[in-house]
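Novice: coordinates for the following, if possible.
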Amino acid sequence: MPGELLRTDVGDLTFDVRVDGPEDGRPVLLLHGFPETSASWAAVTPLLAEAGLRTYAPDQLGYSPGARPADVDSYALQNLAQVTADLMTALEIPVADVVGHDWGANVAWALAGWHADRVRSLTAVSVPHPAAYTAAFRTDPEQKERSAYIRLFWQEGKAEEVLLADDARRLRRMFGDAVPAEAVDEYVAVLSAPGALTAALNWYRAMSSSTRVDPVTVPTTYVWSDEDVAVGRTAAEACQPFVTGDYRFVELAGVSHWIPEQAPEKLTRAILDRIASS
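Specialist: Below you'll find the model as predicted:
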């Protein structure tokens, strides 16, 4: 992945952050999901840099080796949002256009809901507002079935064993043919380090049905793909009521859950359109 690798301290945590684009460019914060790293933005960041933007893509809490707390509570959504805001401060980014995919989208929604002064615009990818997802999970049998994999992830020890067995065969299978094999190899290598997969799964284990993310007031684009196996149409189309700012829904046909890698040009166009109007 092009650009510069920074190591940035937030208290006693040290984050690895990939930075690209002109130093005076408008800052864009890119938040990856599970089970990936900041490298998932490798096809997007050069396009944003060409547009004159300065991108910051951290390996998030639990993924950066120097930011891997052991306690599950550290991965609660409230703390993930606060840590992200603190990381922005450490990077000297008072406000940014925020883009998040998968779990990174959850953090981005929370950041925009609870720290709106730090978010100029939001582009959420794949995962809708947490309230929309929760409502769909509770009322839509199809979404409940799509989310069944989470029950395995909640099982400490067993999930790690299952996902890493046989050269991480099940972990690799999650990506299908949408992500290049060398990228998958990198993700597997990162998550095979001692404690790394447990930290990544702790994002799921810290989930709480009592968490209520505020409605989002900032200009927002939600990008969803119709071949996403994890998030169905019911959840995707339930997102708009939880955004009070300008809202756009971008649907990508024939694209899987792994939008940043499978459709980087289309995603970049949605990001640039959102930034241009914010």
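Novice: and the helices in this protein?
Specialist: 45-50, 77-90, 103-114, 130-139, 141-146, 150-153, 158-173, 181-191, 196-205, 233-237, 259-262, 264-276 (DSSP state H).
Novice: what packs against the second one?
Specialist: Under the contact criterion of 3 or more CB pairs under 8 Å, 6 or more residues apart in numbering; DSSP states H and E, helix 77-90 touches strand 4-10, strand 13-20, strand 26-31, helix 103-114. Just so you know, the C-beta spots here come from the backbone N, C-alpha and C atoms, and that holds for glycine as well.
Novice: now tell me what touches stretch 130-148 from outside.
Specialist: Stretch 130-148 is contacted by residues 77, 106, 109-110, 127, 209, 211-213, 229-232, 234-236, 238-239, 241-242 when judged by CB atoms under 8 Å, 6 or more residues apart in numbering.
Novice: before we move on, the earlier item: deepest-packed of the helices of the chain, please.
Specialist: Comparing those by mean neighbour count (mean count of other CB atoms under 10 Å), helix 103-114 ranks first with a mean of 26.
Novice: minimum distance to residue 246: which of the helices of the chain has it?
Specialist: helix 264-276 (8.9 Å; CB to CB).
Novice: what mean pLDDT does the closest one get?
Specialist: For helix 264-276, the mean per-residue pLDDT is 98.
Novice: run the chain-centre distance for that helix.
Specialist: With CA atoms, centre = their mean, to the nearest Å as the basis, helix 264-276 stands 16 Å off its chain's centre.
Novice: which residues touch it?
Specialist: The contact list for helix 264-276 (CB under 8 Å, 6+ apart) reads 26, 28, 43-44, 47-48, 51, 53, 97, 99, 120-123, 125, 219-221, 223, 248, 250, 252, 255, 259-260.
Novice: repeat that with 10 Å
Specialist: With CB atoms under 10 Å, 6 or more residues apart in numbering as the test, helix 264-276 has contacts from 26, 28, 30, 41-48, 50-51, 53, 97, 99, 101, 120-123, 125, 219-223, 225, 246, 248, 250, 252-253, 255, 259-261, 263.
Novice: just the buried members of these?
Specialist: Neighbour counting by 16 or more other CB atoms under 10 Å classes 26, 28, 30, 41-48, 51, 53, 97, 99, 101, 120-123, 125, 219-223, 225, 248, 250, 252, 255, 259-261, 263 among the contacts of helix 264-276 as buried.
Novice: tell me who's in contact with the spatially most distant residue from the centre of the chain.
Specialist: The outermost residue of the chain relative to its centre, with distances by CA atoms, centre = their mean, is residue 166 at 26.9 Å. Taking CB under 10 Å, 6+ apart, we find residue 166 in contact with residue 172.
Novice: on that earlier part again, right, and the helices and strands packed on helix 77-90 - which one's nearest residue 64?
Specialist: For residue 64, the closest of the helices and strands packed on helix 77-90 is strand 13-20, at 4.7 Å, according to CB to CB.
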